[in-house]
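Engineer: sequence and predicted model, in that order:
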Amino acid sequence: MKEQIEAIQTEALAQIATAGDERSLEDARVAVLGKKGTLTLVSAGIKDVPKEDKAAVGQLLNAARSAITAAFEEKQLVLREIADRAALVGIDVTLPARQVSVGSLHPLTLIRDQAIGILRRMGFALADGPEIEDEFHCFDALNTPTDHPARNEKDTFYFDSGKLLRTHTSSVQVRTMETQTPPIRIIAPGSAYRRDEIDATHLSVFNQLEGLFVGEDVSLPDLKGTLEYFLRELFGTSTEVRFRPHFFPFTEPSFEIDVKLQIKGQAPRWIEVAGCGMVDPAVFEAINKSRKDNAFDPEKVTGFAFGMGLDRLAMIRWGIKDIRLLIENDARFLKQFA
C-alpha cells in the first residue's frame, strides 16, 4: 500500500503542476481527493491493513493528503494571479474613475425639514392625524359655516360615506386639543387636498405646515414675534415681514403674512407666504363640547394658529415658476438641488 500511496501522490502533484487553468486544477483535485478519488478509495482500505502497520500507513496517507492539498492551494493562487493580470490587459488603471451620479433630497423635503427644524428649536412638537377626515374635524370644530364655499363638493373631495380628504392640516390641531390639555404647542406638516385645476400655481394635492399654540396669556405679540423669527430664519435675517388684516372663520383677528424678497432678475416685492390669527373662542367651545369638559375655557386660555404651503415656500425660496415641476420628477430640474 505504501508504494500505491506514493504513486498516487506523485501523479497528483504532476497533474497539479501541469494544470493550465482553475477548471483543470479542480478536476485534478477531485480525481485524487474527491469522494471517489484515488486517495480516498485507498484510505477506505486501511481497515484491511494489519494492525501493526496501520499507524504507519495512516501517517503516510495524511502526509500525502497534506502535500496534495498544499500543492493545490499554491497552484490555485498562481492561476488566479495570472487570470487577474490577463483581465487588466489593455486597461489603464491610472485613468480617472467614471463619475457616479449622487442623489439628493427633493426641494419639498429640504424646505419641510428646514421649517420643522426652526419650529422645533422654538419648542413646537410634531403632531399627525388622518388624511381621510370627517366634517366635524375639518370644518365644524373650526367654526366654518355650513354654506362656506370650502365645504362645497366643487372644492372638496367627498366620499360616498360622507368622509372627505382633509382640505388643510388644521384638523390635526382639533384632534390634538381633543386629546391634550393646555399648554399645547404643536406643528402639523402633511398633505392636503382640494379640487383645484392643476396649473402653474395650483395642485389638487399640496403640502401644508400648520401650527398651534394654546395656553394662558398667549397674545398677538407672541404670534407676531414667533412668525417674524421663523420667516427670518427661513429667508434671511434681513427679511422684511408684514401682517395684513384678513378673515378666517377659525381665528379672530386674522392676518395674511407677506415677506419682501429679492427674486433674481426682479425688483424686491411683497409676497404672501402664510395665514394666521388668534384662535376664535368658538373653536375652544366646540372642543370643550367634543371633550365634554371645560379644559379650553375661553375665559382662561388663548392661542394662536398659523398655516403655510410648503410648495409655495419652496417656489419662493428657489424662484420656481411652475409648481408642477415639484411633482414631475424631472431629473434635469431635481439635479439643481444636489
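Structural biologist: Sure thing, it's come through.
Engineer: ramachandran coordinates for Pro268?
Structural biologist: phi -60, psi 140 (degrees, to the nearest 10).
Engineer: surely it and Asp258 touch.
Structural biologist: No. Using Cβ atoms under 8 Å as the test, Pro268 is too far from Asp258 to be in contact (11.8 Å). C-beta here means a position set from N, CA and C on the backbone, and glycine is covered the same way.
Engineer: between these two, tell me which one has more neighbours.
Structural biologist: Under the criterion of other Cβ atoms under 10 Å, the comparison of Pro268 against Asp258 puts Asp258 first, with 18 against 10.
Engineer: what sits against that one?
Structural biologist: Asp258 makes contact with Val241, Arg242, Arg244, Trp270, Ile271, Glu272, Val273, according to Cβ atoms under 8 Å, 6 or more residues apart in numbering.
Engineer: which regions of the stretch 1-150 of the chain sit below the pLDDT cut-off?
Structural biologist: Across the stretch 1-150 of the chain, the ranges flagged by pLDDT under 70 are 1.
Engineer: can you pull out the helices in it?
Structural biologist: 2-18, 22-33, 38-44, 51-87, 107-121, 135-138 (DSSP state H, counting those that start in this stretch).
Engineer: including distance to Asp293 and mean neighbour count, could those go into TSV?
Structural biologist: What follows is the helices of the stretch 1-150 of the chain, written out as TSV (distance: least, Cβ to Cβ, whole Å; neighbours: other Cβ atoms under 10 Å):
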stretch	distance to Asp293	mean neighbour count
helix 2-18	89	15
helix 22-33	80	17
helix 38-44	85	16
helix 51-87	77	13
helix 107-121	29	17
helix 135-138	17	18
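Engineer: got the ones you listed as JSON lines, with distance to Tyr229 columns?
Structural biologist: Below are the helices of the stretch 1-150 of the chain laid out as JSON lines (distance: least, Cβ to Cβ, whole Å):
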{"stretch": "helix 2-18", "distance to Tyr229": "78"}
{"stretch": "helix 22-33", "distance to Tyr229": "69"}
{"stretch": "helix 38-44", "distance to Tyr229": "82"}
{"stretch": "helix 51-87", "distance to Tyr229": "61"}
{"stretch": "helix 107-121", "distance to Tyr229": "8"}
{"stretch": "helix 135-138", "distance to Tyr229": "30"}
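Engineer: of all those, which lies closest to Gln336?
Structural biologist: helix 107-121 (8.6 Å; Cβ to Cβ).
Engineer: what is the closest one packed up against?
Structural biologist: For helix 107-121, the packing partners by 3 or more Cβ pairs under 8 Å, 6 or more residues apart in numbering; DSSP states H and E come out as strand 184-193, strand 205-215, helix 220-235, helix 310-318.
Engineer: alpha carbons of the third one, as PDB, please.
Structural biologist: Written as PDB, here are the backbone C-alpha positions of helix 220-235 (Å, rounded to 0.1, in the frame of the first residue of the first chain):
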ATOM      1  CA  LEU A 220     -51.000  88.700  19.500                       C
ATOM      2  CA  PRO A 221     -47.400  89.900  20.100                       C
ATOM      3  CA  ASP A 222     -46.500  86.200  20.700                       C
ATOM      4  CA  LEU A 223     -47.900  85.300  17.300                       C
ATOM      5  CA  LYS A 224     -46.200  88.200  15.600                       C
ATOM      6  CA  GLY A 225     -42.800  87.500  17.300                       C
ATOM      7  CA  THR A 226     -43.000  83.800  16.500                       C
ATOM      8  CA  LEU A 227     -43.700  84.100  12.800                       C
ATOM      9  CA  GLU A 228     -41.300  87.000  12.300                       C
ATOM     10  CA  TYR A 229     -38.500  85.000  13.800                       C
ATOM     11  CA  PHE A 230     -39.400  81.900  11.800                       C
ATOM     12  CA  LEU A 231     -39.600  83.700   8.500                       C
ATOM     13  CA  ARG A 232     -36.300  85.500   9.100                       C
ATOM     14  CA  GLU A 233     -34.600  82.200   9.900                       C
ATOM     15  CA  LEU A 234     -36.000  80.700   6.700                       C
ATOM     16  CA  PHE A 235     -35.400  83.500   4.300                       C
END
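Engineer: which positions in that helix come out as buried?
Structural biologist: 222-224, 226-235 (16 or more other Cβ atoms under 10 Å).
Engineer: any idea how far Ile132 is from Thr156?
Structural biologist: Using Cβ to Cβ, to the nearest Å, we find Ile132 at a distance of 12 Å from Thr156.
Engineer: ok, now Asp258?
Structural biologist: When Asp258 is compared with Thr156 (using Cβ to Cβ), they lie 27 Å apart.
Engineer: any idea how many residues pack against Met122?
Structural biologist: 15.
Engineer: I'd say it and Gly225 touch.
Structural biologist: No. Here Met122 lies out of contact with Gly225, judged by Cβ under 8 Å, at a distance of 10.1 Å.
Engineer: are we agreed that Lys168 is in a helix?
Structural biologist: For the record, residue 168 is His, not Lys. No. Looking at His168 with DSSP: H, G, I helix; E, B strand; the rest coil, it is coil, so not inside a helix.
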